[in-house]
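1. I need the structure of the sequence given here:
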Amino acid sequence: MASEPQKTKAVATPGDVVSVIEEYFPGKNTYTIDGKIIAKLVGIVVANYDKRIITIEEAYKPKIPQEGEIVYAIVTKIRDISITLDVFYIETRNQLLHPPLTGSLHKMNISGEYFKSTYDAYGYGDVLRAKVLIPKIPLILATRGREYGVILARCPSCMGYLKKHGFNLYCPKCKKTIRRKISSHYLI
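-> Next comes the predicted model:
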């Protein structure tokens, strides 16, 4: 009769020696150096006595949004064909992500409307409401649809908050009109 893997009460941190190769084979979340089995991450030591394998069970699993979930992100890098974002909040779960996850928004997923460049759709520091297309890091996001796009933006000249004015954003201090892909959930 096979026995179940036994959880020990030992908590391992990265770099802790959890066993030696004479006793166990290294399993998930472990590695070996000079015959010692060492933990890769923080977790509980799990020993399978029948198979002679020792593994580390993760103490913390990152909160990754699933396909179709709505997230909030800040634009950190803009290229001609894609935008890199820091995803900091999952709206559908009401869950803050700390540290933020990296997301990517391809030009074809910005809008059904034509934008000559990604720079015309979004600016650095813009806060976006987006939908998750592919839930692997980096998250692949989309802002197609009226409810997705910029929900908060600042003026590139004076850094004041932009106000929604029709289908554009307007800076009350500079008196400038700025074109962005705006969400129907814009805050100001």
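2. what's the longest strand in the chain?
-> In the chain, taking DSSP state E as the definition, the longest strand is strand 95-106.
3. can you pull the buried residues of that one?
-> In terms of neighbour count (16 or more other Cβ atoms under 10 Å), strand 95-106 has its buried residues at 97, 100-101, 103-105. From N, CA and C alone the C-beta is placed, and that goes for glycine too.
4. pLDDT of it, averaged?
-> In this model, strand 95-106 has an average pLDDT of 90.
5. Convert stretch 159-169 to PDB, retaining C-alpha atoms only.
-> C-alpha atoms of stretch 159-169 as PDB (Å, rounded to 0.1, in the frame of the first residue of the first chain):
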ATOM      1  CA  MET A 159       0.700  67.300 -15.700                       C
ATOM      2  CA  GLY A 160      -2.800  68.400 -14.600                       C
ATOM      3  CA  TYR A 161      -5.700  65.900 -14.900                       C
ATOM      4  CA  LEU A 162      -7.400  65.800 -18.200                       C
ATOM      5  CA  LYS A 163     -11.200  66.100 -18.400                       C
ATOM      6  CA  LYS A 164     -13.400  64.200 -20.800                       C
ATOM      7  CA  HIS A 165     -14.800  66.600 -23.500                       C
ATOM      8  CA  GLY A 166     -16.800  64.700 -26.100                       C
ATOM      9  CA  PHE A 167     -14.600  62.000 -27.600                       C
ATOM     10  CA  ASN A 168     -11.400  63.700 -26.600                       C
ATOM     11  CA  LEU A 169      -9.700  64.800 -23.400                       C
END
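6. Need the contact partners of it.
-> The set of residues external to stretch 159-169 that reach it, using Cβ atoms under 8 Å, 6 or more residues apart in numbering, is 150, 152-155, 170-174, 177-180, 182, 186, 188.
7. just the buried residues of strand 95-106 now: which is nearest residue 77?
-> residue 104 (9.6 Å; Cβ to Cβ).
8. Which residue is the nearest non-sequential neighbour of that closest one?
-> residue 138 (4.6 Å; Cβ to Cβ, 6 or more residues apart in numbering).
9. What of residue 71?
-> In space, residue 71 is closest to residue 87, 5.0 Å off (Cβ to Cβ, 6+ apart).
10. Residue 10 now?
-> In space, residue 10 is closest to residue 45, 4.4 Å off (Cβ to Cβ, 6+ apart).
11. Count the neighbours of residue 172 for me.
-> Per other Cβ atoms under 10 Å, the neighbour tally for residue 172 reads 14.
12. Residue 22 too?
-> 6.
13. Show the contacting residues for it.
-> Residue 22 neighbours (Cβ under 8 Å, 6+ apart): residue 35.
14. May I ask you to confirm that it belongs to a strand?
-> No. Per DSSP: H, G, I helix; E, B strand; the rest coil, residue 22 lies outside any strand segment and is coil.
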